[in-house]
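Colleague: quick check, what structure comes out for this input:
(one chain, ligands or ions: 2)
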Amino acid sequence: MKHYKIALIKGDGIGPEIIDEAVKVLDAVSAKEDFEIAYNEYLMGGIAIDVKGEPLPDDTIKGSLGSDAVLFGAIGGEKWDTLPREKRPESGLLKLRKSLGVFANLRPTTVYDELINASTLKPDVIKGVDLLVVRELIGGIYFGQPRANEGNRAYNTMVYEKDEIVRIAHIAFLAARKRSKKVCSVDKSNVLEVSQLWRDTVQEVAKEYKDIELSHMYIDNAAMQLIRNPKQFDVILTSNLFGDILSDEASMIGGSIGLLPSASVGGKVGVYEPIHGSAPDIARQGIANPIATILSAAMMLRFSLNEVRAAERIEAAVKDVLKDGYRTKDLSQFGAKEVCSTSEMGSIIADRVSKI
Ligand code: IPM
Ligand code: MG
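Modeller: Numbering: from 1, shown residues only. Ligands and ions are numbered 1, 2, ... in the order given. Prediction:
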């Protein structure tokens, strides 16, 4: 029997509740598919600040590096918002990504037919949308030097080395090869030098992928096109900041940010997390939607553990359960036959996983 070691980072707000449900589902699927998962919990974010005085303690990095994958909930909350930037919960997450070297962030958007009315966009605009944002995650303006706030003047630097662009471009082209064979690279090369290098480099890498159709779009236009006609996109390849923005925008196509998973890969150990935040306003009420985290666990099985069948089981179970009308509160107005709590939703999906 195969054994895996997973680092669990529950974090703040709804983080602990949604991770618990993902673990429930992972336990159900591992029993079915005959592998075993051992979990170790580590602190990051606000809770780590409270307990250990820093947002990313060393043993969290060490524990993550010693695991097969990291499953992460969410971090942050008002309580820590006034701390200096490098002491904030978000800095912990950024440092974790950097320490593990996960340069490729994959954020899929799927529209479930059962939830077609949950989006603020018209059903005929979004029906059948299936796109993947490939976001560069450990470079660009998030990490560029110099950076400073000098009181009357503040600056950040958007910088990319050519090889950072090359490696993320390969990820996008390879992903497109398994999908609809289209990559749209998003930049601002009409204004920014760094974007010109981005565009030229992506074009160069594209020569190795003659079977993939490459297009380029400026970020402002892409933000507009994503709402106007999201079906035109297959893989969107973009930099750290633009990808942060576009992936939040893309999440609304599916109606709820509570449904969308993500994978951060390409480094020593993959990190899997829902794309939503810690939602402190609804924490500990049992109403958070655990599906994004459960689907992140499926991505973990697929990409880090190579347990593809187990991943497919989870994805099929989620689809089934939504089809049957089970909804958490966020989606209760959209075709709900039964409104369930966070933990009921986890149990229903776990149960379904064994039956598929
Ligand atoms: C995300 C988040 C993070 C980011 C924050 C919490 C640092 O918005 O994962 O998209 O900006 O990358
Ligand atoms: Mg974001």
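
Colleague: okay, buried residues for stretch 304-312 please.
Modeller: Neighbour-count burial for stretch 304-312 flags 304, 305, 307, 310, 311 (criterion: 16 or more other CB atoms under 10 Å). C-beta coordinates here come from the backbone N, C-alpha and C atoms, glycine included.

Colleague: export these to JSON lines and tack on pLDDT, distance to ligand 1 and secondary structure?
Modeller: Formatted as JSON lines, the buried residues of stretch 304-312 follow (pLDDT from 0 to 100; distance: CB to the nearest ligand atom, whole Å; DSSP: H, G, I helix; E, B strand; the rest coil):
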{"residue": "304", "pLDDT": "98", "distance to ligand 1": "18", "secondary structure": "coil"}
{"residue": "305", "pLDDT": "98", "distance to ligand 1": "22", "secondary structure": "coil"}
{"residue": "307", "pLDDT": "98", "distance to ligand 1": "25", "secondary structure": "coil"}
{"residue": "310", "pLDDT": "98", "distance to ligand 1": "25", "secondary structure": "helix"}
{"residue": "311", "pLDDT": "98", "distance to ligand 1": "21", "secondary structure": "helix"}
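
Colleague: out of those, who's nearest residue 347?
Modeller: Using CB to CB, residue 310 comes nearest to residue 347 of the buried residues of stretch 304-312, at 18.0 Å.

Colleague: wait, isn't that closest one in contact with residue 31?
Modeller: No: using CB atoms under 8 Å, residue 310 is not in contact with residue 31, being 10.3 Å away.

Colleague: can you pick out the most distant pair from the buried residues of stretch 304-312?
Modeller: The largest separation in those, counting by CB to CB, is between 304 and 310 at 11.8 Å.

Colleague: can you mark which positions in the helix or strand harbouring residue 90 are buried?
Modeller: If you go by DSSP states H and E, residue 90 is part of helix 89-100. For helix 89-100, the neighbour count (16+ other CB under 10 Å) marks 89, 90, 91, 92, 93, 94, 95, 96, 97, 98, 99, 100 as buried.

Colleague: okay if I get the residues you listed as JSON lines plus distance to residue 72 and pLDDT?
Modeller: Output for the buried residues of helix 89-100, formatted as JSON lines (distance: CB to CB, whole Å; pLDDT from 0 to 100):
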{"residue": "89", "distance to residue 72": "12", "pLDDT": "97"}
{"residue": "90", "distance to residue 72": "13", "pLDDT": "96"}
{"residue": "91", "distance to residue 72": "15", "pLDDT": "97"}
{"residue": "92", "distance to residue 72": "10", "pLDDT": "97"}
{"residue": "93", "distance to residue 72": "8", "pLDDT": "97"}
{"residue": "94", "distance to residue 72": "13", "pLDDT": "97"}
{"residue": "95", "distance to residue 72": "13", "pLDDT": "97"}
{"residue": "96", "distance to residue 72": "8", "pLDDT": "98"}
{"residue": "97", "distance to residue 72": "10", "pLDDT": "98"}
{"residue": "98", "distance to residue 72": "14", "pLDDT": "97"}
{"residue": "99", "distance to residue 72": "13", "pLDDT": "98"}
{"residue": "100", "distance to residue 72": "11", "pLDDT": "98"}
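
Colleague: ok so, going back, check which helices and strands the helix holding residue 90 is in contact with.
Modeller: With contacts taken as 3 or more CB pairs under 8 Å, 6 or more residues apart in numbering; DSSP states H and E, helix 89-100 sits against helix 46-52, helix 58-65, strand 69-74, strand 270-274.

Colleague: mean neighbour count, distance to residue 35 and mean pLDDT added to those, as a markdown table?
Modeller: Listed next are those as a markdown table, based on neighbours: other CB atoms under 10 Å; distance: least, CB to CB, whole Å; pLDDT from 0 to 100:
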| stretch | mean neighbour count | distance to residue 35 | mean pLDDT |
| --- | --- | --- | --- |
| helix 46-52 | 19 | 29 | 98 |
| helix 58-65 | 17 | 20 | 98 |
| strand 69-74 | 27 | 13 | 98 |
| strand 270-274 | 27 | 17 | 97 |
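
Colleague: got a markdown table for the ones you listed, with distance to ligand 1 too?
Modeller: Output for the helices and strands packed on helix 89-100, formatted as a markdown table (distance: least, CB to the nearest ligand atom, whole Å):
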| stretch | distance to ligand 1 |
| --- | --- |
| helix 46-52 | 12 |
| helix 58-65 | 16 |
| strand 69-74 | 8 |
| strand 270-274 | 7 |
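
Colleague: closest to residue 26 out of those?
Modeller: Residue 26 sits nearest to strand 69-74 of all the helices and strands packed on helix 89-100, at 8.1 Å, using CB to CB.

Colleague: strand 270-274 and the closest one, what's the angle between them?
Modeller: With axes from the mean of the first three to the mean of the last three CA atoms, to 10 degrees defining the directions, strand 69-74 sits at 30 degrees from strand 270-274.
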